[in-house]
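Chemist: Based on what follows, work out the 3D shape:
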Amino acid sequence: MTAARPVPLRLTQGMRLRTKREFNLIRDTGHRLARGCLAANWKILEPGSTCRIGLITSRKLGKAVIRTRARRLLRETFRLHQHDFREPVAIVLIARRSIIGKTFRDVENDFVSLCRQANLLKRD
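Modeler: Presented below is the predicted three-dimensional model:
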């Protein structure tokens, strides 16, 4: 009897959106929804590809320490839920000003509720 292989929860460099062209493509051809402390633009990818993420934290949030913390919270939330999507998706998460002072659980709850509202997650 073999044990089930654990699902890797890595967030590799290849899973990140990097170029302005990629961000613009998702913004122009994808869907948008805002919920709580974040907004999201997403586009469904072809079956068999991996989920990808891009993060936007503008200077309107505050100093670099605040923006970096927001990016860490959003990245970790995506990393833990990357295998919960029904189909591969490229998603751009935009931190809103209300993310300041939020705990990881608050950000995670906002992310999960946004994804449920957008019908991106698998059924429980």
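Chemist: Just give the nearest non-adjacent residue to the residue nearest in space to the middle of the chain, would you?
Modeler: Closest to where the C-alpha atoms of the chain average out (C-alpha atoms, centre = their mean) is Phe78, at 4.6 Å. Distances taken as C-beta to C-beta, 6 or more residues apart in numbering put Ile53 closest to Phe78, at 4.9 Å, once the chain neighbours are dropped. The way it works is simple: take the backbone N, C-alpha and C, and place the C-beta from them, glycine included.
Chemist: Okay, and that neighbour sits in which element?
Modeler: Assessed by DSSP states H and E, Ile53 sits inside strand 52-56.
Chemist: for the chain, what spans make up the strands?
Modeler: 31-35, 38-44, 52-56, 89-95 (DSSP state E).
Chemist: Quick one: closest of the ones you listed to Pro6.
Modeler: strand 52-56 (21.0 Å; C-beta to C-beta).
Chemist: Report all helices and strands that the lengthiest helix in the chain contacts.
Modeler: Identified as the longest helix of the chain according to DSSP state H is helix 64-81. Packing partners of helix 64-81 (3 or more C-beta pairs under 8 Å, 6 or more residues apart in numbering; DSSP states H and E): strand 52-56, strand 89-95, helix 104-117.
Chemist: Gly62: which of those is closest?
Modeler: Nearest of the helices and strands packed on helix 64-81 (C-beta to C-beta): strand 89-95, 10.3 Å.
Chemist: what packs against the closest one?
Modeler: helix 20-29, strand 38-44, strand 52-56, helix 64-81.
Chemist: Give me the contacts around it.
Modeler: 17, 22-23, 26-27, 30, 37-45, 51-58, 61, 67, 70-71, 74, 78, 111, 120 (C-beta atoms under 8 Å, 6 or more residues apart in numbering).
Chemist: Please apply the same query to stretch 49-66.
Modeler: 11, 14-18, 22-23, 26, 45, 67-68, 70-71, 74-75, 78, 82, 85, 88-95, 97, 99-100.
Chemist: For the longest helix of the chain, what is the distance to the chain centroid?
Modeler: 9 Å (C-alpha atoms, centre = their mean, to the nearest Å).
Chemist: Since that was my last question, I'll sign off now.
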